[in-house]
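Chemist: The sequence and its predicted three-dimensional model are supplied below.
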Amino acid sequence: MTDNRNTILAVILSGLVLIGWQYFYNMPQMEKQRAQQAQLEQSKPAQPGSPVGAPATPQAGAPPAAPSTPGAAQPAAAPTVVNRDVAIKAAPRVRIETPRVTGSISLKGARIDDLALTRFRDTVDPKSPAIVLFSPSGSPTPYYAEFGWVAAAGSTVRLPDRDTLWQQEGSGSLAPNSPITLKYDNGDGLTFRRTISIDEHYLFTVKDDVSNIGNAPVTLYPFALISRHGTPKVEGFYILHEGLIGYLGDQGLQEYSYSKIDEDKVKSFKVTNGWLGITDKYWASALLPDTTAQLQARFSSNLVAGTRTYQTDYLQDAQTIAIGGTGSSNARLFAGAKEAGVVGINFPLAGLDGYNKQLGLNHFDLLIDWGWFHFLTKPMFVALDFFFRMVGNFGVAILLVTVLVKLIFFPLANKSYASMAKMKSVQPQLAALKERFPDDKVKQQQEMMAIYKKEKINPVAGCLPVLLQIPVFFALYKVLFVTIEMRHAPFYGWIKDLSAPDPTTIFNLFGLLPWDPMSLGPNIGPYFMLGVWPIIMGITMWFQMKLNPTPPDPTQKMIFDWMPLIFTFMLASFPAGLVIYWAWNNLLSVLQQSYIMRKNGVKVELMDNLKAVFVSKKAETKT
């Protein structure tokens, strides 16, 4: 029958999209990242804190290249890597204390290289360690920000570098409304002062001043850089960017994965009104220069003593500091969690300002990977966040958003279900056609279309309800996957993290047996993590299928019978929040379709079809 055929096609299409996504994008990317990680681990370890390379020597009169650990020479041998705590204690430091981050600034090099995000933990256990973002040179995974000056070509002026020991003026820790000032005197007439402040979230503001009481003018270029040593472990999903990122003025959003920048080595940009940094799934660091500053920006990857080092940096226009004069430069650093309200969602319904609006930045909200379909994912997040602020639970927010989506599409769904109901009412007429024209398929189709036209039936209406939920499904999947607000967001009971799969499985009797299905491997194990919510989803989908009469065609019947089971296993590895949405949506669809069928005078055959299943099974058993 045409309505059943359309529904089957829509369901199969949904399944093929989901399976294709999983096998052709997610799994290959994960395998690729595992292979890269294995190759990295096989390489000889080296001192991660070694510099990317000395600044390039430009031609006379030309500006220097953007720095790579300025002033530092390439080490001949790699020192031993030490524990992170040991590396932190190797230099005097100034503490950082805010409601969201803790850490310290090294007085050696004046780097921001020790930062932990206190509101976020490694696991759902609130006692697990806080997320570590920055680590100093000498530790296993150095990751830091550095600011300063580089000199013009041929200059012999002494400038502070990574080995320079700065002095703190005054005392105290860096905290909101409590900046610190560092000082360095080069002994040749130049005095450098660096004032660092931090807000209550993740924004550092760095003001560099230099005064000249020497015997000659000095030309200097302000710079800022973020450096990360070693190839980070990434999620490896096609729908998520992790690596180097920036919105570079007219050149727009630039995204380079670690593997891509490894191939290109260096990408340079001349830009005004830009920002650039390094992003993980949930965390990021970014340089936010003044929006009017002219920048020589750069992404780079270098192999130093066997260790891959990634860097984003920029160089600003030169400043000539006369005798008795001063020069200054302002820089900003974002280092923290990619919270939509903090970054700046830049969506009119959100009511959230964030840095994007406060600082007049250029699309800083794109630090969160909303994807190509941001026109769906952003509104989905805004709706979820709105209801979360009302009810305090993202799981309940998902249920409420599902109802909202149902209301938005209610007129379309009503027409679809009404057409399906009319389709069922003419089934006897369609069955009679097969008896009247048993061998003439063309005549059957002609008479069938005549009946549809007379009864004002749309034969493709059956697939509309399924097709409508596909974009909503993917928008919710994207939001659950990329937004930190969903990370470790609990529902009720055993669901402690809506962004992770249901942790239970029927194959170990929901935890009663000491067996982990993931021991079967990353390609098979997830499909045996068949938890409570995927089972509930499968049951609701089965109910929805049984709402329609049993198809007379054996092939169609087989597809209808097996589809809920296939989807149950397929969605078992998806985020629990997505499975909860699908189950709730199925239940609402059953109620809505039942109401429309009764309204159009069509019998709701759900219970009859369910009885028929068990009666036929019982009859087969007796036989």
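Modeler: Done, it's in. Numbering: from 1, shown residues only.
Chemist: what phi and what psi does the backbone show at residue 168?
Modeler: Residue 168 adopts backbone torsions of phi -80, psi 130, taken as degrees, to the nearest 10.
Chemist: show me where the stretch 151-300 of the chain has strands.
Modeler: Remark: strands assigned in the stretch 151-300 of the chain by DSSP state E, counting those that start in this stretch are 167-169, 180-185, 190-198, 203-212, 218-229, 243-248, 253-257, 266-272, 274-279, 283-287, 294-304.
Chemist: where does the stretch 301-450 of the chain have low pLDDT?
Modeler: 345-353, 417-422, 424 (pLDDT under 70).
Chemist: Recalculate using a threshold of 90.
Modeler: Within the stretch 301-450 of the chain, the segments meeting pLDDT under 90 span 303-307, 340-354, 357-358, 370-376, 378-379, 405-450.
Chemist: And the stretch 51-200 of the chain, by the same measure?
Modeler: For the stretch 51-200 of the chain, the stretches with pLDDT under 90 are 51-81, 126, 152-156, 170-171.
Chemist: can you pull out the helices in it?
Modeler: With DSSP state H, counting those that start in this stretch as the criterion, the stretch 51-200 of the chain has helices at 84-89.
Chemist: Just the buried residues of the lengthiest helix in the chain, please?
Modeler: Counting by DSSP state H, the longest helix found in the chain is helix 576-599. Neighbour-count burial for helix 576-599, counted by 16 or more other C-beta atoms under 10 Å, picks out 576-590, 592-594, 596-597. Where C-beta positions appear, they are placed from N, C-alpha and C, glycine not excepted.
Chemist: Show me the beta-bridge partners of the closest residue to residue 249 other than its chain neighbours.
Modeler: With C-beta to C-beta, 6 or more residues apart in numbering as the criterion, residue 249 has its nearest non-adjacent residue at 4.1 Å, and that residue is residue 271. Taking DSSP bridges as the rule, residue 271 bridges to residue 295.
Chemist: Please report how far the residue lying closest to residue 140 once chain neighbours are set aside lies from residue 136.
Modeler: Leaving aside its chain neighbours, residue 140 sits nearest to residue 81 (5.6 Å; criterion: C-beta to C-beta, 6+ apart). When distance is defined by C-beta to C-beta, to the nearest Å, residue 81 is 11 Å away from residue 136.
Chemist: Over to residue 406?
Modeler: Taken as C-beta to C-beta, the span from residue 406 to residue 136 is 52 Å.
Chemist: what would the strands of the stretch 151-300 of the chain look like in a markdown table with distance to residue 483?
Modeler: What follows is those, written out as a markdown table (distance: least, C-beta to C-beta, whole Å):
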| stretch | distance to residue 483 |
| --- | --- |
| strand 167-169 | 38 |
| strand 180-185 | 33 |
| strand 190-198 | 24 |
| strand 203-212 | 20 |
| strand 218-229 | 23 |
| strand 243-248 | 16 |
| strand 253-257 | 18 |
| strand 266-272 | 28 |
| strand 274-279 | 13 |
| strand 283-287 | 13 |
| strand 294-304 | 25 |
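Chemist: quick one: which of these is nearest residue 359?
Modeler: Nearest to residue 359, of all the strands of the stretch 151-300 of the chain, is strand 203-212, at 8.3 Å by C-beta to C-beta.
Chemist: buried sites along the closest one?
Modeler: 203, 204, 206, 207, 208, 210, 211, 212.
Chemist: thought the fourth one was touching residue 330?
Modeler: To tie it back to what came earlier, the one meant is residue 207. Yes - Residue 207 lies in contact with residue 330 (C-beta atoms under 8 Å); the separation is 5.4 Å.
Chemist: State the distance from residue 104 to residue 337.
Modeler: From residue 104 to residue 337 the distance is 19 Å (C-beta to C-beta).
Chemist: cool, and residue 172?
Modeler: 26 Å.
Chemist: neighbour count winner among those two?
Modeler: Taking neighbours as other C-beta atoms under 10 Å, residue 172 and residue 337 compare with residue 337 leading, 22 against 12.
Chemist: which parts of stretch 382-390 are buried?
Modeler: 382, 383, 384, 385, 386, 387, 388.
Chemist: I meant stretch 81-88, not that one.
Modeler: Residues of stretch 81-88 classed as buried under the neighbour-count rule (16+ other C-beta under 10 Å) are 81, 82, 84, 87, 88.
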